[in-house]
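Enquirer: using only what follows, build the 3D model:
(2 chains)
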Amino acid sequence: MLKIRNLRKRYGKRVVLNDITLKLDRGLWALIGVNGAGKTTFLRCIMGVENYEGSIKIKNKEVKELSAKEIAPLIGYVPQISNQLLPFTVREFIEMGTYYRSGNIEEKINSLNIDPDREITTLSGGEFQKLLIMRALIGDPPILLLDEPASHLDIKNTTEILEIITTYSKKNLVILVVHDLNILNFVDGIMALKNGKIKILNEIEKRALENIFDTKIRIVNNGHFKFIVPFYRE
Amino acid sequence: MRRFLFFISLIIFTPLIFLISLSLGPSNYGFSTVIAVLLSNGTPIGTTIIMEIRLPRIIASYIVGSSLGIAGASSQALFKNPLGDPYLLGISSGAAFGAVLGFMFFPKLIPLLAFIFSFITVLIVYIIAKNVDSSPKSLILAGVAIGFLLTAISQYFILYIPHLHAIYAWLLGSFSTVGWKSVYLLIPALAISILTFPLYKWLNLLLLSDEESHSLGLDVGVARTVIILIITILTSLSVAVAGIIGFVGLVVPHISRLLVGANHKYLLPSSLLFGGIFLMIADTIARIGSMEIPVGIITAIMGSPLFIYLLVRSRVKN
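Expert: Residues are numbered from 1 along each chain as shown, chains lettered A, B, ... in the order given. Have a look, this model is predicted:
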């Protein structure tokens, strides 16, 4: 699905991504790293918003050679926050997903369970986040990128969103930028970004996480889920 | 429903206000006289006043209003900000600078110089912003900086050259010198305004972050350049004909948005219709008194209370 070879990205002299090579097929992958590690830059390169050195191929097509119109059916993107202050209706907002892709919007609207004529300004944070995910999923793109989708949501909404993307990742590739380490319990694999390099962790490796986040990590088992609780340095 | 009512009332009121505006002036005519003149059955004097003075002026004010409405709606999408204004790109300061040069050296070429200098100003602003990151923020900042520079130079000339005081009326906007020639100049503006309607998808997507709009298929760079070009042509033509009329580009799309929503599929046509009607009314008020008032003063006096009322009401509703 996604093949990256010798990817480099620098702004002036600062190297953000340094010689990354990886191949991902389907599944739910978490991308972790400290603030400023280059997670968003990495996503922007995959989407073709940024120019880059090296090669990024989606379904064997080189991303930097594709126009935005050609990328739209290949990648769905869910931002951390979007412009919720504008008086669009739910239907008008989700319709933006069909401008340059073909896909059924009725099915997405139905799965939202929100009145399609409601203005997005009146939606709760959780409802709006689900709307953003549904808009990104129009046309069923093979790759879904999410930038901290659950960073300001409660447990109920987080669980619902995780269910949606876990189901989607059975047949597609989903990359999830996360800061909430609890979510790592639900993913198929973890990519850690540090010093411009990506390291793939196939299981939750305590020492590696401690190294990446510069913090000590304790694993707690409460009977239902296994939580990883980071201890921040004082 | 609210959207539907707004459109219906705009469509009904436009011809009505058009007729009222034709009949009003220093000498008032009845509707029957106006209609007789329009059907070329009028008295010679009435025909001259209505056909040669009032009609071109009313048509020009309608087209300028609708162009500023479209330019304003596009600016608010471009800047991702409901308080955006076409003049933020530096167009008004560029036009004023051109007009000052015109007043000093080539009084006949004032409209042309205003047009050319507003275009050059946007070009400079665009190049500066492009060298930063092409973001809406750098466009605004470059526009404001260049605007201040040109305004300072213009103000210097106006202050120290006595006969330039006459330029104040032009700076506030006026249709008093408008004839059929100006209407012909404005026809491209009307055409471009209507041609903007199919670009509603671009404008909707421009409101989102660059990553979002890119992933939804929009070539952000191309869209932004085309929209800036449209804003510049519409605003420069308007300014060349009628001077710097403030408030229309800000308030018309904003009020339209409160009534029809943010989707540009409806926002563009309603800004065009509402902008036209708004400026037609304002200019009628400007010219029917014993002394002509610059229309920019009327638009501000009419627009601010309406704007504040709708703003407060929308806050209460939410």
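
Enquirer: so B:I187, which state does it fall into?
Expert: helix (DSSP: H, G, I helix; E, B strand; the rest coil).

Enquirer: from A:K130, how far off is the closest residue to it other than its chain neighbours?
Expert: The shortest distance from B:I187 to any non-neighbouring residue, by C-beta to C-beta, 6 or more residues apart in numbering or on different chains, is to B:I63 (7.7 Å). Every residue, glycine included, has its C-beta placed from N, CA and C. Distance of B:I63 to A:K130, given as C-beta to C-beta, to the nearest Å: 44 Å.

Enquirer: tell me which of these two has more neighbours.
Expert: B:I63 (29 against 24; other C-beta atoms under 10 Å in any protein chain shown).

Enquirer: settle this for me: the more buried one is touching B:G276, isn't it.
Expert: Yes: B:I63 is within contact range of B:G276, at 7.1 Å (criterion: C-beta atoms under 8 Å).

Enquirer: distance of B:N81 relative to B:T235?
Expert: 17 Å.

Enquirer: these two - which one has more neighbours?
Expert: Between B:N81 and B:T235, counted using other C-beta under 10 Å, B:T235 has the larger neighbour count: 33 against 15.

Enquirer: helix or strand: which one has that one?
Expert: helix B:220-242 (DSSP states H and E).

Enquirer: for that helix, what is the average pLDDT?
Expert: Averaging pLDDT along helix B:220-242 gives 94.

Enquirer: circling back to that earlier point, helix, strand or coil for the residue nearest to B:I187?
Expert: Going by three-state DSSP: B:I63 is helix.

Enquirer: and it, what does it touch?
Expert: When contacts are counted by C-beta atoms under 8 Å, 6 or more residues apart in numbering or on different chains, B:I63 touches B:V183, B:L186, B:I187, B:A189, B:L190, B:G276.

Enquirer: please apply the same query to B:G25.
Expert: B:I49, B:R54, B:R287, B:I288.

Enquirer: spatially central residue in chain A, please.
Expert: A:L146 (2.0 Å; C-alpha atoms, centre = their mean).

Enquirer: residues in contact with residue 102?
Expert: Went with chain A since none was named. A:S102 neighbours (C-beta under 8 Å, 6+ apart): A:P73, A:G139.

Enquirer: right idea, wrong chain: chain B
Expert: B:L109, B:I110, B:L112, B:L113, B:A114.

Enquirer: can you tell me the closest non-neighbouring residue to it?
Expert: B:G102 sits nearest to B:I110 (C-beta to C-beta, 6+ apart), 3.6 Å away.

Enquirer: separation between A:Q80 and B:P188?
Expert: 43 Å.

Enquirer: now the helices for chain A?
Expert: Assigned helices in chain A, in chain order: A:39-47, A:68-71, A:90-95, A:105-112, A:125-136, A:155-168, A:206-213 (criterion: DSSP state H).

Enquirer: B:L272 reaches B:G69, doesn't it?
Expert: Yes: between B:L272 and B:G69 there is a contact under C-beta under 8 Å: 5.5 Å.

Enquirer: next, give phi and psi for the residue nearest the centre of chain B.
Expert: Geometric centre of chain B, nearest residue: B:L68, 2.3 Å, by C-alpha atoms, centre = their mean. When read as degrees, to the nearest 10, the backbone of B:L68 gives phi -70, psi -30.

Enquirer: where does the prediction get shaky in the stretch 51-200 of chain B?
Expert: Applying pLDDT under 70 to the stretch 51-200 of chain B flags no residue at all.

Enquirer: residues from it in reach of chain A?
Expert: Contact residues (C-beta under 8 Å from any C-beta of the partner chain) of the stretch 51-200 of chain B with chain A: B:K80, B:P82.

Enquirer: tell me where the stretch 51-200 of chain B has strands.
Expert: With DSSP state E, counting those that start in this stretch as the criterion, the stretch 51-200 of chain B has no strands.

Enquirer: right, and chain B sits closest to which residue of chain A?
Expert: A:Y100 (2.5 Å; C-beta to the nearest C-beta).

Enquirer: any residues touching whatever helix or strand B:L259 lives in, and which ones?
Expert: Using DSSP H and E, B:L259 sits within helix B:248-260. Applying C-beta under 8 Å, 6+ apart, the set of residues contacting helix B:248-260 from outside is A:87, B:2-3, B:6-7, B:65, B:68-69, B:71-73, B:75-76, B:82-87, B:235, B:266-267, B:270-271, B:274-275, B:278-279, B:299, B:303-304, B:306-307, B:310, B:314.

Enquirer: right, and the helix or strand after it?
Expert: As assigned by DSSP H and E, the chain's next helix or strand after helix B:248-260 is helix B:264-288.

Enquirer: by contact count, what packs against that next one?
Expert: On a contact count with 3 or more C-beta pairs under 8 Å, 6 or more residues apart in numbering or on different chains; DSSP states H and E, helix B:264-288 meets helix B:2-23, helix B:55-78, helix B:200-206, helix B:248-260, helix B:295-317.

Enquirer: now do it against helix B:295-317, angle only.
Expert: If you take axes from the mean of the first three to the mean of the last three C-alpha atoms, to 10 degrees, helix B:264-288 sits at 140 degrees to helix B:295-317.

Enquirer: number of residues surrounding B:I53?
Expert: Neighbour count for B:I53, taken as other C-beta under 10 Å: 15.

Enquirer: enumerate every residue touching it.
Expert: B:G179.

Enquirer: go again with 10 Å.
Expert: B:G25, B:P26, B:V178, B:G179, B:R287 (C-beta atoms under 10 Å, 6 or more residues apart in numbering or on different chains).

Enquirer: just read off the phi/psi values of the fourth one.
Expert: This means B:G179. Torsion angles, degrees, to the nearest 10, at B:G179: phi -130, psi -170.
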